[in-house]
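Student: this one's sequence-less:
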């Protein structure tokens, strides 16, 4: 069972990273089709993040070394904290993409001013940078370090 949950955890993590990478669509001119793709990508990202959190916590409490080990491991605490921060940051793009729903349903390209686009782009870049640090923390944990 532990192997299954490890697999699911990794599957969700890679799905999350792939969804973040899909946000390169932001660089293109916004069209009705790309706006829809961004909304779908954001939904996939949210689902992957939610499942990743749930499965990760199940692994912590039931399938791996036990909660006491993880809650005293600095690499885990850094990784978990960054994940929560990324989750909170992702509210910014999600709110933007959800605001487009009315225009998209009406068959119109959403209006997206330059300052909002830059803010969303900065958030996505910060999320990607945090994911790199999360991966580093995971590697440190796998080696039993930073306890």
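Tutor: Cool, got the structure. Note that the coordinates shown come from a computational prediction; the quantities given were computed from them, not determined experimentally.
Student: before we move on, which element is the closest residue to residue 32 other than its chain neighbours in?
Tutor: In space, and not counting its chain neighbours, residue 32 is closest to residue 109: 5.3 Å by Cβ to Cβ, 6 or more residues apart in numbering. In this view, the C-beta of every residue, glycine as well, is placed from N, C-alpha and C. Using DSSP states H and E, residue 109 is not contained in any helix or strand.
Student: please list all residues in contact with residue 109.
Tutor: 30-32, 35, 103 (Cβ atoms under 8 Å, 6 or more residues apart in numbering).
Student: identify the farthest-apart pair in those residues.
Tutor: Using Cβ to Cβ, the two most remote members of these are 31 and 103, lying 11.9 Å apart.
Student: so between these two, which is more surrounded?
Tutor: residue 103 (15 against 12; other Cβ atoms under 10 Å).
Student: tell me which element residue 43 falls in.
Tutor: helix 32-58.
Student: pLDDT below threshold where in the protein?
Tutor: Low-confidence segments of the chain (pLDDT under 70): 147.
Student: same for the longest helix seen in it, what does it pack against?
Tutor: Longest helix in the chain by number of residues (criterion: DSSP state H): helix 114-142. Contacts defined by 3 or more Cβ pairs under 8 Å, 6 or more residues apart in numbering; DSSP states H and E place helix 114-142 against helix 2-22, helix 74-89, helix 91-99.
Student: just the buried positions in the longest one, please.
Tutor: What that stands for is helix 2-22. 5, 8-9, 12-13, 15-17, 19-20, 22 (16 or more other Cβ atoms under 10 Å).
Student: report back the residue of the chain that's furthest from centre.
Tutor: residue 106 (29.0 Å; Cα atoms, centre = their mean).
Student: distance of that one relative to residue 21?
Tutor: From residue 106 across to residue 21, the span is 29 Å (Cβ to Cβ, to the nearest Å).
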